[in-house]
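**Q** let's see this in three dimensions:
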Amino acid sequence: MSLSLSPAGISPAPSLTLARSIAQGVDELNQMSAFDLFRTQMETGSSEAKVDAMKRLPVVAYAMGISPVSSDLLPYLQQIALQQPPMDDELLLLMAKQLQTFVPALLSKPSQILDLLPIVERLAAVEETVVRNEAVVLMNHLCAHLITSAPLDSSVVSTLVSMAKRLVGADWFTAKVSAAGMLPELYTLTKHSELAYLYKELCMDETPMVRRAAAQFLGQFLETLGGKDKAIDLIPVFQQLCKDEQDSVRMLAISSMANVGPNYGKVPEWTKEIFLPLLKDGSTDTSWRVRHNLAKNFSDVATNLGFQGNSKYASDQALVMACFVSVLTDAEAEVRAAAVGHYARMVHWGGSALFTSYLMPLLPSLADDVVMEVRSKTALAIMDSSEGGTLEDSLIVQTFGPLLESFLQDEFQEVQLQVLGNLHKLSHLLNGMNGVVSSILNMSKATNWRVREGVAKLLPHLAEARGLDFFANVLLEPAWLVLLLDPVACVRSACVSGMSVLVGVAGQDWMVEHILPQHVRIYNHAASGSYLIRITILQAHAETAFACQVGNAAAGGGTLWNDTVLQLLRGLQDKVANVRMVAAQGLKKVVTADDPVQVAVVQAQIMPALEKRMAEEEDPDCRQACSEAIAAVPKK
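**A** Below is the predicted model of the structure:
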């Protein structure tokens with residue numbers, strides 16, 4: 001069998017389980033076909049052997065070929081899937097997963113794919129939930145490939161609709177639950193009107209498990225219908241599900257408005273009448289689980305209402321924001337945490353006016369919430385709210401500045417890291433946030449290395465915001481150089497990764513005057529000390545040189561590229577092999593330069609140095625790095 005035909009790209013290892021599970025001798029096994037071998041192993045009394053065989057089902061199928069799969073393998077799989085007593089759930093689950101590899105590689109025609117339906121129907125009705133879920137995945141996978149053959153023959157559509165009818169009309173709830181997950185894709189494929197009536201039956205089923213499944217996929221089904229005219233029959237049952245006595249049904253039904261798509265929002269007077277009351281009721285539901293699930297999907301629900309940007313529905317948009325305020329101030333911490341995750345999107349959805357009226361007053365209480373997760377998500381929400389131009393800069397500085405100071409002094413590092421990891425989004429406003437900058441400087445000495453890493457990533461952005469004099473006088477000695485020598489590699493790497501930003505902000509002349517001498521001094525001081533420091537400095541040189549050659553306008557014109565390349569060449573002579581290897585890796589970055597002057601340096605200095613190093617080098621990793629650097633030089 002060709003390796004390219006195997007689902008995973010390679011054939012599995014020889015099976016000891018297979019060898020131990022069958023009694024036939026070597027000669028007899030050599031003469032057995034792939035299908036006979038599979039069937040023999042499946043008919044042994046060993047559960048382990050059957051599992052092993054089912055895992056190898058795609059290999060068997062690809063070895064057999066297209067025609068034998070349809071004529072021999074599928075009938076056999078159908079037989080064992082329908083057998084009584086049924087196979088173990090583990091085998092059924094594996095079968096559902098492995099059959100997905102058959103389509104479209106082996107079974108591509110609609111008539112061939114339909115041969116799998118009896119197996120899908122059987123798997124969809126088993127008791128075990130994970131098997132049924134995989135059966136739904138399998139059926140939707142088949143639909144996705146059948147749609148490429150559209151328009152389908154009427155007999156194919158009839159077969160699919162008949163299967164859906166049998167599942168929906170089954171005596172036991174398991175098949176109905178599976179049908180709920182299949183019907184959206186089946187309707188997308190067939191556009192058969194009868195499927196909407198079948199879904200309505202599921203929504204009205206007396207069994208809570210079925211109604212729960214119908215509520216879970218209701219939004220997807222409404223989306224496939226495409227608009228209010230085709231959904232008119234489902235709306236009453238949708239409203240009924242949102243008021244169901246079971247909170248597990250209500251929570252799924254109300255949040256399904258997040259999945260209905262934008263088509264319904266094109267008719268906001270309709271969503272105002274149908275969806276808005278459901279949103280209002282959901283935000284004040286007596287069950288915290290309903291409020292929690294709505295909070296997890298709130299911004300998507302709001303977007304699908306279609307009120308945004310339409311002054312005619314300004315009062316309705318304000319009502320939606322009031323509902324959001326309700327879940328933001330919920331008594332349950334889980335609800336508040338879920339809602340805060342949508343804070344930024346709701347800021348952009350509502351605009352500056354609604355933010356000022358509804359959301360801004362809540363920030364102090366959210367930033368002071370007793371639950372760490374709420375504070376952490378609030379910190380991230382503030383950063384994301386500041387992007388996109390929705391809020392004016394003056395409002396951001398005035399409102400968010402004091403809160404950011406509070407977050408940076410939070411007792412939990414997770415809250416601090418949310419600010420540090422995203423503060424670059426506000427770098428252009430840091431000039432007006434003196435308290436925030438002071439807090440960042442204090443955190444450069446934090447005991448938690450992740451906090452120090454976050455500070456290291458921010459320092460170049462502070463240079464951009466506060467100016468180069470501020471960086472040179474306030475940040476360079478106590479923060480930048482200290483973090484560059486940090487005992488934790490990730491912190492040092494954060495400084496290295498910021499070199500390109502610093503070059504872009506400062507320009508070559510300033511870097512040559514203020515930064516390069518400090519780096520060279522550190523390297524010289526570490527010549528007889530830690531080789532890790534020398535590695536960090538060489539990595540910084542490489543990052544700096546690369547930033548000079550990528551056409552950064554602020555970096556143009558200067559000797560910085562030449563100066564850093566000389567330092568990398570110096571690293572090739574280091575006494576420690578790891579340092580020499582890093583120097584060669586750094587040179588690999590710079591040999592791709594296309595500036596004529598830099599190309600001349602590559603040919604006259606870098607290439608001879610690499611070739612000499614390679615000839616003298618004993619360490620294989622270092623030789624490999626030199627070889628890769630030489631290979632990276634553009635061919636003339």
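**Q** residues contacting the residue nearest to L420 when sequence neighbours are not counted?
**A** Spatial nearest neighbour of L420, chain neighbours left out: G454 (2.9 Å); criterion: C-beta to C-beta, 6 or more residues apart in numbering. For the C-beta atoms, the positions are set from N, CA and C on the backbone; glycine is no exception. Counting by C-beta atoms under 8 Å, 6 or more residues apart in numbering, G454 makes contact with 416-417, 420-421, 443, 494.
**Q** next: G306.
**A** So G306 contacts 262, 264-268, 271, 313 (C-beta under 8 Å, 6+ apart).
**Q** and what of D300?
**A** Applying C-beta under 8 Å, 6+ apart, the residues contacting D300 are 257-259.
**Q** can you tell me which of those are in helices?
**A** Here DSSP state H is the test, and the contacts of D300 give no hits in helices at all.
**Q** could I get the residues you listed in TSV, plus columns for pLDDT?
**A** Converted to TSV, those look like this (pLDDT from 0 to 100):
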residue	pLDDT
M257	94
A258	94
N259	93
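**Q** is it true that D72 touches D36?
**A** No. Checked against C-beta atoms under 8 Å, the pair D72 and D36 is beyond contact range at 9.6 Å.
**Q** any idea how far the strand or helix carrying the residue nearest to L420 is from the middle of the chain?
**A** Assigned by DSSP states H and E, G454 belongs to helix 449-466. In terms of C-alpha atoms, centre = their mean, to the nearest Å, the centre of helix 449-466 is set 25 Å apart from its chain centre.
**Q** where does the prediction get shaky in the stretch 451-600 of the chain?
**A** 550-557 (pLDDT under 70).
**Q** mind doing that once more with 90?
**A** Confidence mapping of the stretch 451-600 of the chain against pLDDT under 90 gives the ranges 458-480, 501, 504-507, 525-530, 548-559, 592-599.
**Q** least trustworthy helix or strand in this structure by mean pLDDT?
**A** The helix or strand of the chain with the poorest confidence is helix 16-21; it has a mean of 61 (mean pLDDT, DSSP states H and E).
**Q** and stretch 276-290, what's buried?
**A** Buried residues in stretch 276-290, counting neighbours by 16 or more other C-beta atoms under 10 Å, are found at 276, 278-279, 281-283, 285, 288-290.
**Q** list the contacts of the residue most central in space within the chain.
**A** Residue closest to the average C-alpha location in the chain (C-alpha atoms, centre = their mean): G341, at 15.7 Å. Contacts for G341 (C-beta under 8 Å, 6+ apart) come out as 296, 377, 381.
**Q** restricted to helices, list the residues you listed.
**A** 296, 377, 381.
**Q** tell me which of the contacts of G454 is nearest to G350?
**A** Set against G350, the nearest of those by C-beta to C-beta is G421 (25.8 Å).
**Q** out of everything not next to it in sequence, what's closest to that closest one?
**A** Closest to G421 by C-beta to C-beta, 6+ apart is G454, at 5.6 Å.
**Q** touching stretch 192-210 from outside, list them.
**A** Contacts of stretch 192-210 (C-beta under 8 Å, 6+ apart): 157, 160-161, 164-165, 168, 173, 176-177, 179-180, 183, 186-187, 211, 213-215, 218, 221, 225, 230, 233-234, 237-238, 240-241, 246, 248-249.
**Q** average pLDDT for that stretch?
**A** Across stretch 192-210, pLDDT averages out at 94.
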